[in-house]
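S.K.: got a predicted model here, sequence first, then my questions.
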Amino acid sequence: MLNEKMKALGQNRSKIRDLFEYGKILKQQGETVCDFTLGNPSVKTPDSVTQILIDGLKKSDVHAYTQAQGSAMARQKIASDLNKKGKTTFTENGIALTCGAAASLCGVFKAITSSRTDEIVVLSPFFPEYKVFIESCSSNFKSVEFDNDFSPSFSSLENAITKNTKALVINNPNNPSGKIYTVDEICKITEILNKKSKEFSHPIYLISDEPYREIVFGDAKLPFIPDFYKDTIICYSFSKSLSLPGERIGYIAIPSEISEFIDLYASILGSLRAFGYVCAPSLFQYLIENFNGEYSDFSIYENNLKTLLSTLKNLGFTCNEPKGAFYLMVKAPDGDSEKMSERAKELGLLIVPADSFGAKGWVRIATCVSKETVENSKPLFEKLAKVYNLI
Ligand code: PLP
């Protein structure tokens, strides 16, 4: 007998991937297609990063196994970089290197849940894979509604947290909305978490999923979550910040001040071991050890966002105003995002219905594309606006 749940997961592919594969086939056939599906960075990896990788390849021992949790030097580097951001203390003994944020999240979910009644709560809108990861750890996925501007509904959050809640997941800046949760919002969230942790006499961890941490636009400021809540577990990835999504490198970080520090770190390492997620790619550990702080140039994403926002608004579409990450949300004029995505697809425009992100009636546009794709998409969005009689 096969594992039916896993079989279903393999068969029911994500809509985003299906659209992306469809776009790839069209492009191979020489068709013009404007693909806004995946969060695949178009901006190139910084030259300094490429140079470190080339130097690394020339080292005789770079392909060797490291410690299961990653080399001490890479972990020290990460801890020292995190310590520059805030007041909490990170050391190499609270860091584990992983194959990206997906592996970080899976490792953490498994480490902090042990019973079928355990729950992990996430703020909507959310990265749809959270549901897959949480349920694969035999835990219960619960989402919290959003209010205007994709702010969390605090009453919904308060109601969602029960004695079975092990953690809340926050993704800042957010995929798919590009929202940055403000200091005020973080304070309200942590106030609720503190109250509930006390009421239920166990820590409720705040899992901060941060693959877009560096992608912040204009004068927006990203709060450093461990400064607001000591029971924070950071899940990070270099996929977006260094344009390295296919290389699979990221980390889990817990501050020394966190509740049950020693046992929690042991559980995280145990969970990564159980998944077989040991020794993240060693060439990319070498990169972290030698990284000079130069990230990809995100100005292209910001420019794309500005162009798309003004194009879509002028055409009569309703959009949100992202402050970070590289996504833009557009409301389906008749509330049917699946139909909007289908109609756009017929025009050669690939955009993703965001219902599975917990944002019913919205579509997501990934703005991490080339300037050329944005320019080519303008007449297609105009045609789409005509389909909806907006112009
Ligand atoms: N979390 C969020 C919010 C994401 O958008 C993604 C990827 O797009 C991930 C986690 C997974 O990141 P990675 O590709 O580094 O595993």
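M.R.: Everything's here; your move.
S.K.: CA only for contacts and neighbour counts going forward, please
M.R.: Will do.
S.K.: what's near enough to touch the residue nearest in space to the middle of the chain?
M.R.: Geometric centre of the chain, nearest residue: P211, 5.0 Å, by C-alpha atoms, centre = their mean. Shown here is P211, whose contacts under the criterion C-alpha atoms under 8 Å, 6 or more residues apart in numbering are 101, 235-241.
S.K.: keep only those of those residues that are in helices.
M.R.: Those of the contacts of P211 mapping onto helices are A101, per DSSP state H.
S.K.: next, see if the worst-scoring helix or strand of the chain on mean pLDDT gets close to the ligand.
M.R.: Lowest on mean pLDDT, DSSP states H and E among the helices and strands of the chain sits helix 15-28, with a mean of 85. No: Helix 15-28 stays clear of the ligand (C-alpha under 6 Å from any ligand atom), getting no nearer than 11.0 Å.
S.K.: which positions in the stretch 201-350 of the chain make contact with the ligand?
M.R.: Neighbours of the ligand within the stretch 201-350 of the chain, by C-alpha under 6 Å from any ligand atom: 209, 237, 239, 245.
S.K.: ok so, going back, name the helices or strands packed onto the least confident helix or strand of the chain?
M.R.: strand 349-350, strand 352-353 (3 or more C-alpha pairs under 8 Å, 6 or more residues apart in numbering; DSSP states H and E).
S.K.: hmm, 10 Å instead?
M.R.: Other elements packing on helix 15-28 under the criterion 3 or more C-alpha pairs under 10 Å, 6 or more residues apart in numbering; DSSP states H and E are strand 34-35, helix 337-346, strand 349-350, strand 352-353.
S.K.: now it: how far from the chain's centre is it?
M.R.: Taking C-alpha atoms, centre = their mean, to the nearest Å, one finds helix 15-28 lying 21 Å from the centre of the chain it belongs to.
S.K.: so it versus helix 337-346, what angle?
M.R.: 10 degrees (axes from the mean of the first three to the mean of the last three C-alpha atoms, to 10 degrees).
S.K.: hmm, who's touching helix 15-28?
M.R.: 14, 29-39, 341-342, 345, 348-354, 356, 364 (C-alpha atoms under 10 Å, 6 or more residues apart in numbering).
S.K.: alpha carbons only: can I get that helix in CSV?
M.R.: Once non-C-alpha atoms are left out, helix 15-28 reads as follows in CSV (Å, rounded to 0.1, in the frame of the first residue of the first chain):
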residue,chain,number,x,y,z
LYS,A,15,-1.5,25.7,-9.9
ILE,A,16,1.4,28.0,-9.9
ARG,A,17,3.8,25.3,-11.2
ASP,A,18,1.3,24.1,-13.8
LEU,A,19,1.0,27.7,-15.2
PHE,A,20,4.8,28.1,-15.1
GLU,A,21,5.3,24.8,-17.0
TYR,A,22,2.7,25.8,-19.5
GLY,A,23,4.5,29.1,-20.0
LYS,A,24,7.8,27.3,-20.5
ILE,A,25,6.3,25.2,-23.3
LEU,A,26,4.9,28.2,-25.0
LYS,A,27,8.2,30.0,-24.8
GLN,A,28,10.0,27.0,-26.3
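S.K.: just give me the neighbour total for C137.
M.R.: 20 (other C-alpha atoms under 10 Å).
S.K.: try the one 4 residues further on
M.R.: Neighbour count of F141, defined by other C-alpha under 10 Å: 17.
S.K.: contacts only, for the closest residue to it other than its chain neighbours.
M.R.: Distance criterion C-alpha to C-alpha, 6 or more residues apart in numbering; nearest residue to F141, sequence neighbours excluded, is I120 at 5.4 Å. When contacts are counted by C-alpha under 10 Å, 6+ apart, I120 touches 109, 112-113, 130-131, 134-135, 139-143, 160-161, 164-169, 204-207.
S.K.: checking my notes, I120 in a strand, right?
M.R.: Yes: using DSSP: H, G, I helix; E, B strand; the rest coil, the secondary structure at I120 is a strand.
S.K.: what is it paired to in the beta sheet?
M.R.: F141, A167 (DSSP bridges).
S.K.: now do it against T318, distance only.
M.R.: In this view, I120 and T318 are 32 Å apart by C-alpha to C-alpha, to the nearest Å.
S.K.: with L308 instead?
M.R.: 12 Å.
S.K.: same deal with S136?
M.R.: S136 is 36 Å from T318, by C-alpha to C-alpha.
S.K.: all helices of this structure, in order?
M.R.: 4-11, 15-28, 47-57, 72-83, 100-112, 129-136, 154-160, 183-200, 261-275, 282-290, 299-314, 337-346, 371-387.
S.K.: weakest of the ones you listed in terms of mean pLDDT?
M.R.: Of all the helices of the chain, mean pLDDT reaches its minimum on helix 15-28 (a mean of 85).
S.K.: enumerate the positions of that one that are buried.
M.R.: Neighbour-count burial for helix 15-28 flags 16, 19-20, 23 (criterion: 16 or more other C-alpha atoms under 10 Å).
S.K.: likewise for stretch 281-298?
M.R.: 281-291, 295-298.
S.K.: just those residues now: which is nearest S377?
M.R.: Among these, F298 lies closest to S377 (C-alpha to C-alpha), at 20.3 Å.
S.K.: quick check: D149 touching K323?
M.R.: No: the criterion here is C-alpha atoms under 10 Å, and D149 misses it with K323 at 11.2 Å.
S.K.: more neighbours: which of the two?
M.R.: Using other C-alpha under 10 Å, the more surrounded residue of D149 and K323 is K323, with 25 against 12.
S.K.: give the contact list for that one.
M.R.: 173-174, 177-181, 215-222, 302, 305.
S.K.: from the ligand, how far out is it?
M.R.: Look at K323 and the ligand: by C-alpha to the nearest ligand atom, to the nearest Å, they are 15 Å apart.
S.K.: from I78, how far off is that residue?
M.R.: 25 Å.
S.K.: repeat that for L53.
M.R.: For L53 relative to I78 (C-alpha to C-alpha), the value is 18 Å.
S.K.: give me the neighbour count for the residue nearest to E158 when sequence neighbours are not counted.
M.R.: Once flanking residues are discounted, E158 sits nearest to I192: 6.5 Å by C-alpha to C-alpha, 6+ apart. By other C-alpha under 10 Å, the residues close to I192 number 17.
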